[in-house]
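Student: Next come a sequence and a model predicted from it.
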Amino acid sequence: MNYYSRMVVEADEESDIGYKLLPGFGQGCKPNSLSRYGRPTSDFGWEIYPEGLYNILKTTMRRYDIPVFVTENGIADATDGLRPYYLIGHLKAVEKLIEEGFSVKGYMHWSLTDNYEWASGLGMRFGLVSVDFTDGSLTPRPSYYLLKEIIKQGSVNGFNKMLKEPYDIFDESLLIE
């Protein structure tokens with residue numbers, strides 16, 4: 001499963017599909033701002049919402065009784081200021097599911113390095129490692145070292161306090177039962 005952010009919609013009888021994206025939430029936000037829920041948004045304008053990953057994985061595993069892999073999960077964040085929150089919040093969602101007995105077989109962060117992104121070319125920076133596209137040099141971002149430490153410790157539990165300041169990124173009341 002790939003997951004980056006939620007989409008919040010409302011009914012729209014004039015739309016060909018019967019609904020429209022509700023501005024200010026999920027993928028309907030302005031870049032580098034706050035969503036209407038008070039969450040920070042990425043360079044793409046996607047709200048950080050790890051509860052959505054938890055909820056969609058849990059719903060899928062319950063419905064189909066299958067294990068899952070998170071094959072893409074990441075944030076466009078050239079300054080690397082939000083990626084630590086994104087990583088910890090989304091890994092916390094995965095870890096909580098595993099603790100509850102669900103079979104999450106793997107997690108792949110998107111992406112190890114900055115790359116060509118189909119919708120925005122080279123403009124969006126998803127990588128844990130910064131790529132200088134003029135000379136090809138690679139520079140690990142701080143979040144690269146954070147993920148390395150999380151992997152080394154085998155848990156995000158030691159990093160949970162980072163989710164509260166300055167943003168409250170993981171709200172357990174938003175998780176489905």
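Tutor: Received it, and whenever you're ready, just let me know what you need.

Student: I'd like the distance from the helix or strand hosting residue 152 to the chain centre, please.
Tutor: Using DSSP states H and E, residue 152 falls within helix 142-153. Here helix 142-153 is found 16 Å from its chain centre; the criterion is Cα atoms, centre = their mean, to the nearest Å.

Student: do the same with stretch 127-142
Tutor: Worked out by Cα atoms, centre = their mean, stretch 127-142 lies 20 Å from the chain centre.

Student: Show me what counts as buried in the helix holding residue 152.
Tutor: Neighbour-count burial for helix 142-153 flags 143-144, 146-147, 150 (criterion: 16 or more other Cβ atoms under 10 Å). Glycine gets a C-beta too; all of them are placed from N, C-alpha and C.

Student: Could you pick out the longest helix of the protein?
Tutor: helix 83-99 (DSSP state H).

Student: Mind listing the strands the helix or strand following that one pairs with, and their directions?
Tutor: For helix 83-99, the following helix or strand on the C-terminal side (DSSP H and E) is strand 104-107. If you go by DSSP bridges, strand 104-107 pairs up with strand 68-70 (parallel).

Student: pLDDT averaged over the strand it pairs with - what is it?
Tutor: Mean per-residue pLDDT for strand 68-70: 97.

Student: From the chain's centroid, how far away is it?
Tutor: On Cα atoms, centre = their mean, the centre of strand 68-70 falls 14 Å from the chain's centre.

Student: that older thread, pLDDT for the buried residues of helix 142-153 - can I get that in TSV?
Tutor: Listed next are the buried residues of helix 142-153 as TSV, based on pLDDT from 0 to 100:
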residue	pLDDT
143	97
144	98
146	97
147	97
150	97
